[in-house]
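Enquirer: how would this look folded up:
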Amino acid sequence: MTQPHATGSIAPPLRAEGRAARALRREITRRLRHMLGRPGSIGAGQPARVIISAQLAGSHPWRGIIHAAGLAIHHASGAIFASDPLAHCIYRLRPGQDAPESYVIEAIIGHRAGDQSVSEAAAFNNPRGLALDARGNLWIADTGNHRVVRLDSASTRDRFDAPDAIVGQLSRHARLAGCAADRLCAPADVAIGPDGALWIADTENHRVLAFAPTTLDRSAARADLVLGQQSFVTCQSGKSAAMLDEPASVCVEQDGTLWIGDSGNLRVMRHDAGLGATPGQAADGVLGSPQLDRAGTGGWTDRTFGYAEFIAVDDEGCLWVSDPDGHRLMWWQHAALKPNGAPADGIADRVLVRGDGCASDVPTLSWPAGLATTDGGVLVADAGNGRLVRFMTGER
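Expert: Residues are numbered from 1 along each chain as shown. All right, here's what the predicted structure looks like:
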């Protein structure tokens with residue numbers, strides 16, 4: 001049911017700039033920490049095979065890619081999309097011809113660092129989460145520009161001069177942060193539900209917004225549902241079952257169950273009603289904390305994690321969580337049936353390498369970020385090592 005649309009004010013520019021800068025600082029800090037050295041292996045990790053290493057045609061793996069974050073897979077064509085927040089662009093990769101299990105970057109979408117040829121309307125600022133809808137359109141959380149954009153037929157197009165749709169701004173050229181039904185502030189992730197609804201982790205507004213498919217057909221779309229807040233014009237953080245603190249990721253199961261990576265509270269929240277929830281409705285379950293009204297304690301055990309960078313859920317209801325500060329991946333099988341604070345069914349911080357001395361031959365994960373489910377497993381952006389790693393179901 002469509003909720004009444006409230007009105008709100010636009011955040012002052014200085015406040016907006018501060019929030020965008022803070023999001024960018026988080027990315028830079030993680031890269032610097034990696035350069036200065038990673039902590040020892042954490043937890044009883046399980047290894048997985050490296051079966052994909054991205055590479056530029058005729059060049060070295062990941063050359064020029066600063067930091068791979070969000071991932072999305074177009075299963076019909078095999079194309080993989082990877083966002084690069086520090087280079088302000090999206091890469092489209094295709095299976096390579098020269099080397100087995102390799103991918104070649106065939107297109108760069110958006111404003112790559114140092115490239116002045118992209119129009120202002122098509123330029124991204126710290127893009128992060130990605131999602132593909134049933135039509136093959138790519139949705140991008142353009143975090144630093146406080147908007148979500150849609151690129152139609154993204155797996156086949158050669159040119160991307162301007163977004164085909166924008167959520168969170170009134171025009172292609174607007175970049176204002178705000179707290180209202182039609183405004184966003186540093187959105188970090190997007191997801192498409194089985195009914196075609198768009199879910200946005202509106203990170204700095206401490207909320208998640210939902211847009212029904214019919215709403216997305218309108219210009220200047222206004223959200224149909226808000227979670228984490230009681231109205232569209234409040235943006236306070238909190239630890240209760242009905243509140244959020246900098247949610248950075250979101251994903252939806254086939255039955256409509258919604259999962260929210262409540263990163264500031266070091267927990268993942270579950271909403272069983274999905275798009276049928278009421279505004280500000282409390283969550284139905286939590287992982288990372290033993291109680292719904294309590295933040296997680298953090299740390300690297302089988303029940304706790306650090307900043308949940310990305311989450312993903314597969315067709316079997318297995319929830320995956322990337323824990324970059326712990327340099328590991330965690331998963332809960334049939335997660336919706338787990339009690340609050342349940343231990344993970346698996347933890348991985350190592351990979352099985354080929355042993356051929358290539359650039360991808362690193363036995364540990366480093367700052368794992370974006371996730372995309374595949375047949376029988378999950379694809380992980382192993383950002384610190386500059387590669388993509390696939391964890392297969394049989395290796396759980």
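Enquirer: Low-confidence regions, the stretch 151-300 of the chain specifically.
Expert: Scanning the stretch 151-300 of the chain for pLDDT under 70 picks out nothing.
Enquirer: which residues of it fall in strands?
Expert: 165-167, 189-192, 198-202, 207-211, 225-227, 249-252, 258-262, 267-271, 285-287 (DSSP state E, counting those that start in this stretch).
Enquirer: Quick check: can you name the pairing partners of the next helix or strand after the last one and their directions?
Expert: Translated: strand 285-287. Toward the C-terminus, strand 285-287 is succeeded by strand 310-313 as the next helix or strand (DSSP states H and E). Next to strand 310-313 in the sheet, as set by DSSP bridges, lie strand 319-323 (antiparallel).
Enquirer: Export the strands of the stretch 151-300 of the chain as a markdown table, with columns for mean neighbour count and distance to residue 318.
Expert: Just so you know, the C-beta spots here come from the backbone N, C-alpha and C atoms, and that holds for glycine as well. What follows is those, written out as a markdown table (neighbours: other CB atoms under 10 Å; distance: least, CB to CB, whole Å):
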| stretch | mean neighbour count | distance to residue 318 |
| --- | --- | --- |
| strand 165-167 | 22 | 29 |
| strand 189-192 | 26 | 16 |
| strand 198-202 | 29 | 19 |
| strand 207-211 | 27 | 21 |
| strand 225-227 | 27 | 23 |
| strand 249-252 | 27 | 11 |
| strand 258-262 | 29 | 11 |
| strand 267-271 | 25 | 13 |
| strand 285-287 | 26 | 12 |
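Enquirer: For residue 106, find the nearest of those.
Expert: Among these, strand 189-192 comes nearest to residue 106, with 22.9 Å by CB to CB.
Enquirer: Identify the residues contacting the closest one?
Expert: Outside strand 189-192, the residues within contact range by CB atoms under 8 Å, 6 or more residues apart in numbering are 70, 128-134, 139-141, 148, 198-201, 203, 248-252, 261, 310.
Enquirer: switch to 6 Å and redo it
Expert: Around strand 189-192, the neighbours that count as contacts under CB atoms under 6 Å, 6 or more residues apart in numbering are 129, 131, 133, 139, 141, 148, 199-201, 249-252.
Enquirer: Equivalent analysis for stretch 169-176, please.
Expert: 10, 121, 145, 147, 220.
Enquirer: what's the spacing between the nearest residue to residue 268 once chain neighbours are set aside and residue 280?
Expert: Nearest residue to residue 268, sequence neighbours excluded (CB to CB, 6 or more residues apart in numbering): residue 287, at 4.6 Å. In this view, residue 287 and residue 280 are 21 Å apart by CB to CB, to the nearest Å.
Enquirer: now residue 351: how far from residue 140?
Expert: To residue 140, residue 351 is 28 Å away according to CB to CB.
Enquirer: Could you pull up the residues touching the residue nearest to the spatial centre of the chain?
Expert: Per CA atoms, centre = their mean, the C-alpha nearest to the average position across the chain is that of residue 129, at 3.5 Å. Residue 129 makes contacts with 70, 141, 188-190, as judged by CB under 6 Å, 6+ apart.
Enquirer: how about 8 Å then?
Expert: 69-70, 83, 140-141, 187-191, 201, 249-250, 310, 370.
Enquirer: same question, residue 312
Expert: Shown in contact with residue 312 (CB under 8 Å, 6+ apart): 251, 319-320, 371-373, 378.
Enquirer: which one is it nearest to, not counting chain neighbours?
Expert: Closest residue to residue 312 apart from its sequence neighbours, by CB to CB, 6+ apart: residue 371 at 3.9 Å.
Enquirer: Could you measure from residue 389 over to residue 316?
Expert: Going from residue 389 to residue 316 by CB to CB gives 20 Å.
Enquirer: And these two? Which one has more around it.
Expert: Neighbour count, other CB atoms under 10 Å: between residue 389 and residue 316, residue 389 has more, with 25 against 13.
Enquirer: re the thing from before, of all the contacts of stretch 169-176, which two lie farthest apart?
Expert: 10 and 121 (19.8 Å).
Enquirer: Given the longest strand anywhere in the chain, what are its sheet partners and their directions?
Expert: When the chain is parsed with DSSP state E, its longest strand is strand 102-110. Neighbouring strands of strand 102-110 in its sheet, by DSSP bridges, are strand 53-55 (parallel), strand 89-95 (antiparallel).
Enquirer: looking at those strands, which is closest to residue 385?
Expert: strand 53-55 (9.6 Å).
Enquirer: Downstream of that closest one, the next helix or strand is which one?
Expert: Counting by DSSP H and E, what follows strand 53-55 is strand 71-74.
Enquirer: and that following strand, what other elements does it pack with?
Expert: strand 79-84, strand 127-132, strand 368-374, strand 377-382 (3 or more CB pairs under 8 Å, 6 or more residues apart in numbering; DSSP states H and E).
Enquirer: closest to residue 152 out of those strands?
Expert: Of the helices and strands packed on strand 71-74, nearest to residue 152 by CB to CB is strand 127-132, at 11.2 Å.
Enquirer: how far off strand 102-110 does that closest one point, in degrees?
Expert: On the basis of axes from the mean of the first three to the mean of the last three CA atoms, to 10 degrees, strand 127-132 is oriented at 110 degrees to strand 102-110.
Enquirer: can you give me the offset of strand 127-132 from its chain's centre?
Expert: With CA atoms, centre = their mean, to the nearest Å as the basis, strand 127-132 stands 6 Å off its chain's centre.
Enquirer: Partner strands of the next helix or strand after that strand and their direction?
Expert: Sequence-wise, the next helix or strand downstream of strand 127-132 (DSSP H and E) is strand 138-142. Using DSSP bridges, strand 138-142 pairs in its sheet with strand 127-132 (antiparallel), strand 147-151 (antiparallel).
Enquirer: distance of residue 373 from residue 288?
Expert: As defined by CB to CB, residue 373 lies at a distance of 20 Å from residue 288.
Enquirer: Okay then, goodbye and thanks.
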